[in-house]
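In: Compute the structure for the input listed below.
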Amino acid sequence: MRSLAMLAACAGLTAVSLPLVASAQTTGQTTTQSDAKTIWEKFKGSWGQTKGAVKEQWGKLTDDDLLAIEGRRDQLVGKIQTRYGISKEEAEVQVGQWEQRRFRDM
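Out: Residues are numbered from 1 along each chain as shown. Down below sits the predicted model:
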């Protein structure tokens, strides 16, 4: 995981494409930025349901954190980074992998 995050950071990938590339490398699937936006539009539209899954995955996030996130991916990454004391790149990778699992379940 660490080497993947470092590789992606060194390649200068954007915050949106980093988790997609990481996921594509680990699962053999390809996902475009357009797909990522579509996924997050769905998550945002059903945030009441989605935040339960977020809380299940990242139990250190508080209810106040989830209210502040309001379905915004960048806010989720930042809160995970803060609560877990990890790098932004690692938080991006975690969210990207979570996105892919949730998207398959949709």
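
In: quick one: residue 67 and residue 51, what's the gap?
Out: Going from residue 67 to residue 51 by Cβ to Cβ, to the nearest Å gives 9 Å. C-beta: built from backbone N, CA, C; applies to glycine.

In: Between the two, which has more neighbouring residues?
Out: residue 51 (20 against 10; other Cβ atoms under 10 Å).

In: Now do that one against residue 99, distance only.
Out: Using Cβ to Cβ, residue 51 is found at 14 Å from residue 99.

In: Keeping just the C-alphas, turn the helix or strand harbouring residue 93 into CSV.
Out: Under the criterion of DSSP states H and E, residue 93 resides in helix 88-105. Output in CSV follows, covering the C-alpha atoms of helix 88-105 (Å, rounded to 0.1, in the frame of the first residue of the first chain):
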residue,chain,number,x,y,z
LYS,A,88,-3.2,12.6,2.4
GLU,A,89,-2.0,10.0,-0.1
GLU,A,90,-2.8,7.1,2.2
ALA,A,91,-6.3,8.6,2.9
GLU,A,92,-6.8,8.9,-0.8
VAL,A,93,-5.9,5.3,-1.4
GLN,A,94,-8.3,4.1,1.4
VAL,A,95,-11.2,6.2,0.0
GLY,A,96,-10.5,5.0,-3.5
GLN,A,97,-10.6,1.4,-2.5
TRP,A,98,-13.8,2.0,-0.5
GLU,A,99,-15.4,3.7,-3.5
GLN,A,100,-14.7,0.8,-5.7
ARG,A,101,-16.2,-1.7,-3.2
ARG,A,102,-19.3,0.5,-2.7
PHE,A,103,-19.7,1.1,-6.4
ARG,A,104,-19.7,-2.7,-7.1
ASP,A,105,-22.4,-3.1,-4.5
